[in-house]
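>>> Predicted model follows, preceded by the sequence.
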Amino acid sequence: MIQAGNIRVLGAGITAHATALLLSQQGWRVQLSAPPQRQHDASVRDIRAYAINHRSRATLSACGVWPAHDQAPWITPVRQMRVFGDTTGQLFLDPPSINPPQLTEPRDPVAWMVEVPALEDALLEACQSSDGIATDGVDSTRSTITPDLTVVCEGQTSMHDGFERNKITYPHRAIAARVRASLPHEGVAQQWFDGERILALLPIGGATGSDLAVVWSVPTTEQQHWLANTSETGTAPLAAELTAQSRNTLGTLHMTAGPVGFPLSVGQVNRWFEGQTVLVGDAAHTIHPLAGQGLNLGLADVQTLADCLATRQRWEAASAPRLMRRYERQRRADTQALQWATHGLFHLFTNDLTRQTPMAWLRNTGLSAFNALSSLKRWAQQQAMGN
C-alpha cells in the first residue's frame, strides 16, 4: 500500500460514503464533509429503493457493508424483470445462464433491490468506525485537512468553479411511493409503457413479500394533480390509478408511504475534473430512472476512481492529470451510452409522433423481437448487470 496523502470527500449519500471507504482502504487520509441537508431529504429517504447490479454489489462488498450470501431484510433479490409496451410488446429478462448447466445451485438474480435508509446507515456506520476517515458531522462544509484531491459526490455542482452541466429537463416528473399489493411480488420487477407514462413496480420487503417501491414518470401537470389530490382526498385515488396502470397484475394496490415528487433530467458535466477537484455520481451526471441504473452509474464512478488512484506512482499527486483523464475517459463513455439509450427509449414510447399507429406497431414488435433474440438479450443483460 502506497503511503498516501489527504483526500476530501464532499457528500452525505451512498456514493460519498463508498468513496471514502474505498480510498481509506488504499491508505489515503479521508475527510468526509456533509453538505447542508435539503428540506425534502427526510421524506424521500424513507421511500426510495435502488436496484443494485452485480458490479455495484462487488463495490459495496469491498466497502464491507454487503452481507454474506445477500442475507439481510433490506435486500430483495430480483429474479426477473418484465417490461410491457403500450400494446402487445413485452420483454422478459431472466438471469443469464452463466453457471455450468451441471450445477444445481440457483443462478444469481438479475439485480437486488435495496432499502435506501438501511444501506445509507450501514455505510455511515462503516465510515464512522474507520480510523482512516474523519467526519465533519452533519450539515458542515469545513475541513480540517489540506486536501490533495477533493471528490464531489452527488448534488449539483453550480457552486464549483470550472464545471458546466449540459442538461435536458424532461417534460415528465416522477412520483415515488410505497404500495402493498394483495398478491405477492415473487421477486419480479415490472414496468409498463402506456404511451404517456412509465410505471415501475419494484419488489421490496424480501423475496416472499408483497411490498413494492413505485417510480411513476408522468407529465408534469399530471404529477402536480396527483400530489395536490392526495393532500386533499387521501391516497386511495392514486392507489386505484396505480392498480389500473399496472393492469391489476398484482391485484389491488394500497399506499403505505408517499407520494413524493421529484424532477427528471438527463445530463453530464462538460468536464469531470478540474485542478484538484473531481466529480462522482449525480455531481457528474443524471439519467432517467426508467432503467434503474442511476446509483449503479455512481458506484461505477466510485470504483473506477479508486482503481485509477490505486495505479498512482509515488511521485504523482492524487489529482495528477494522467489519473484524472483515465477516470474521465472510462466513465464518460459508459455513462453516455446508457444515458442516450434510456433517453431514446423514453421518447420512443412517449413522443406524440411515435404514438401514431404505424410507429406504435413497430416499437412493440421490436420489443417482442428483442425478447426473442436470446444472444442479443443476453449481451444486454450482462451490460446492465455491470459485467
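Noted; the coordinates are in hand.
>>> low pLDDT regions in the stretch 151-300 of the chain?
Where the stretch 151-300 of the chain drops to pLDDT under 70, the residues are 156-162.
>>> how about the strands of it, start to end?
If DSSP state E, counting those that start in this stretch is used as the criterion, the strands of the stretch 151-300 of the chain fall at 165-181, 188-193, 198-204, 211-219, 253-269, 273-274, 277-280, 285-286.
>>> how big is the angle separating the third one from strand 165-181?
Interaxial angle of strand 198-204 relative to strand 165-181 (axes from the mean of the first three to the mean of the last three C-alpha atoms, to 10 degrees): 60 degrees.
>>> The second one too?
Relative orientation of strand 188-193 and strand 165-181, computed by the same axes, to 10 degrees: 120 degrees.
>>> what inclination does strand 188-193 have with respect to strand 211-219?
In terms of direction (the same axes, to 10 degrees), strand 188-193 departs from strand 211-219 by 10 degrees.
>>> Strand partners (parallel or antiparallel) of strand 188-193?
strand 80-84 (parallel), strand 198-204 (antiparallel) (DSSP bridges).
>>> Then the first one?
Each strand pairing with strand 165-181, determined using DSSP bridges, is listed with its direction: strand 211-219 (antiparallel), strand 253-269 (antiparallel).
>>> With residue 58 as the reference, name the closest of the ones you listed.
With C-beta to C-beta as the measure, strand 211-219 is the member of the strands paired with strand 165-181 nearest residue 58 (23.0 Å). For the C-beta atoms, the positions are set from N, CA and C on the backbone; glycine is no exception.
>>> still on that earlier bit, hey, which of the strands paired with strand 165-181 is tucked in deepest?
Highest mean neighbour count of those: strand 211-219, a mean of 23 (counted as mean count of other C-beta atoms under 10 Å).
>>> Quick check: the residue nearest to residue 295 when sequence neighbours are not counted vs residue 7, distance?
If the residues on either side of it in the chain are set aside, residue 295 comes closest to residue 50, at 4.4 Å by C-beta to C-beta, 6 or more residues apart in numbering. Here the distance between residue 50 and residue 7 works out to 25 Å (C-beta to C-beta, to the nearest Å).
>>> Over to residue 276?
Going from residue 276 to residue 7 by C-beta to C-beta gives 10 Å.
>>> again, but for residue 123
Taking C-beta to C-beta as the measure, residue 123 falls 17 Å from residue 7.
>>> swap in residue 184?
45 Å.
>>> picking that back up, between residue 50 and residue 7, which is the more surrounded one?
residue 7 (28 against 23; other C-beta atoms under 10 Å).
>>> Quick check: beta-bridge partners of the more buried one?
Beta bridges link residue 7 to residue 30, residue 149, judged by DSSP bridges.
>>> Let me see the contact set for it.
If you count contacts by C-beta atoms under 8 Å, 6 or more residues apart in numbering, residue 7 has them with 23, 28, 29, 30, 31, 147, 148, 149, 150, 151, 318.
>>> rerun at 7 Å
Contacts here follow C-beta atoms under 7 Å, 6 or more residues apart in numbering; on that basis residue 7 touches 23, 28, 30, 147, 148, 149, 151, 318.
>>> What's the local residue count around the fifth one?
So the one you mean is residue 148. When counting by other C-beta under 10 Å, one arrives at 17 neighbours for residue 148.
>>> For it, give me the pLDDT.
The pLDDT attached to residue 148 in the predicted structure is 92.
>>> change the start of the numbering to 21 and stick with it
Okay, using 21 as the starting number, the last item reads as residue 168.
>>> Look up phi and psi at it.
Per-residue torsions, residue 168: phi -80, psi -20 (degrees, to the nearest 10).
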